[in-house]
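Peer 1: quick one, fold the following:
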Amino acid sequence: MQDGGFGVVGVLETGRPPEDLAPSFGDYPGMVGEWLAPLGAQVRPYAVLDGEFPDSPAECDLWVITGSRFGVYEGHDWIAPLEEFIQICHDSKRPMVGICFGHQIIAQALGGVVRKSVKGWGLGVHDYTPVNWPAALGRAPERIALQSWHQDQVEDLPVEAWRIATSEFCENAALWYPGFALTFQGHPEFPADYVRALIEYRRGKTISDEVAEEGLRNLAREANPEVLPDLIAAAFLT
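Peer 2: Numbers count the residues shown, from 1 in each chain. This is a model prediction of the structure:
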């Protein structure tokens, strides 16, 4: 790790945008790089959904697990190796950030339970209230508002996880694993234009018109993903 910052951020790619949208919006490691630009780190992608894994947690200073269209409870052949890598990073205290699927797979790897929620889909900007705020993360933001795209949720927490943000729709919206990880159910890396395009692309396929319209209405809210890099720096650089 470089003095005063992260040298290399390893992005564990567990999903990709639809092929029709990728030319306009790029890939998820690129979106993560844009979001974490304030940390001044180089981004190194690993396509774990294709079986490309790091040789060691020490290859990068911070690991980020992306979102995915897959469920963490599905039996894909890369899920178990990813859980093993998470456990190794946990035991060696190599910092990690989880986004949506990443949030869920870290919880599952450490003993939590993820299920498809009876509340259904959450799309567009959702507001989360900071709770149980740990001193290690510095001052709590007044609100955390992130793009959202999920129906799975972390329902049973790992023993060591702290719930640090919540909403009526998503109780475990952000989690803190002291000395190891910060995870978010929302998508701080997603631009609003991408979410809008994704809603229209998935309308009538995986989401109904009603769900699509609700998601588009939620996009009128103001997101503030820019507050999170400061939290990551407070958690792992101080």
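
Peer 1: where's the nearest residue to Gly71 once chain neighbours are set aside relative to Tyr73, distance?
Peer 2: Excluding the flanking residues, the one nearest Gly71 by Cβ to Cβ, 6 or more residues apart in numbering is Asp152, at 5.7 Å. Using the backbone N, CA and C atoms, a C-beta is placed for each residue, glycine as well. As judged by Cβ to Cβ, to the nearest Å, Asp152 and Tyr73 stand 8 Å apart.

Peer 1: which residues touch the residue nearest to Gly71?
Peer 2: Asp152 sits next to Gly71, Val72, Gln104, Val114, Arg115, Lys116, Ser117 when contact means Cβ atoms under 8 Å, 6 or more residues apart in numbering.

Peer 1: beta partners of the most centrally placed residue in the chain?
Peer 2: For the chain, Ile99 is the residue whose C-alpha lies nearest the centre (Cα atoms, centre = their mean; 0.4 Å). As for beta bridges, Ile99 partners with Phe184 under DSSP bridges.

Peer 1: was I right about it contacting Phe190?
Peer 2: No - in this structure Ile99 lies outside contact range of Phe190 using Cβ atoms under 8 Å: 9.0 Å.

Peer 1: tell me where the model's unsure across the protein.
Peer 2: For the chain, the stretches with pLDDT under 70 are 1-4.

Peer 1: one more time with 50
Peer 2: 1-3 (pLDDT under 50).

Peer 1: so what does the helix ranked longest in it touch, helix or strand wise?
Peer 2: Longest helix in the chain, counting residues (DSSP state H): helix 79-92. For helix 79-92, the packing partners by 3 or more Cβ pairs under 8 Å, 6 or more residues apart in numbering; DSSP states H and E come out as strand 62-65, strand 96-99, helix 101-109.

Peer 1: then the last one to CSV, C-alphas only?
Peer 2: The C-alpha coordinates for helix 101-109 follow below in CSV (Å, rounded to 0.1, in the frame of the first residue of the first chain):
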residue,chain,number,x,y,z
PHE,A,101,-23.7,-9.1,-5.1
GLY,A,102,-20.4,-8.3,-3.4
HIS,A,103,-22.3,-7.2,-0.3
GLN,A,104,-24.2,-10.4,-0.3
ILE,A,105,-21.4,-12.9,-1.1
ILE,A,106,-19.1,-11.5,1.7
ALA,A,107,-22.0,-12.0,4.1
GLN,A,108,-22.6,-15.5,2.9
ALA,A,109,-18.9,-16.4,3.0
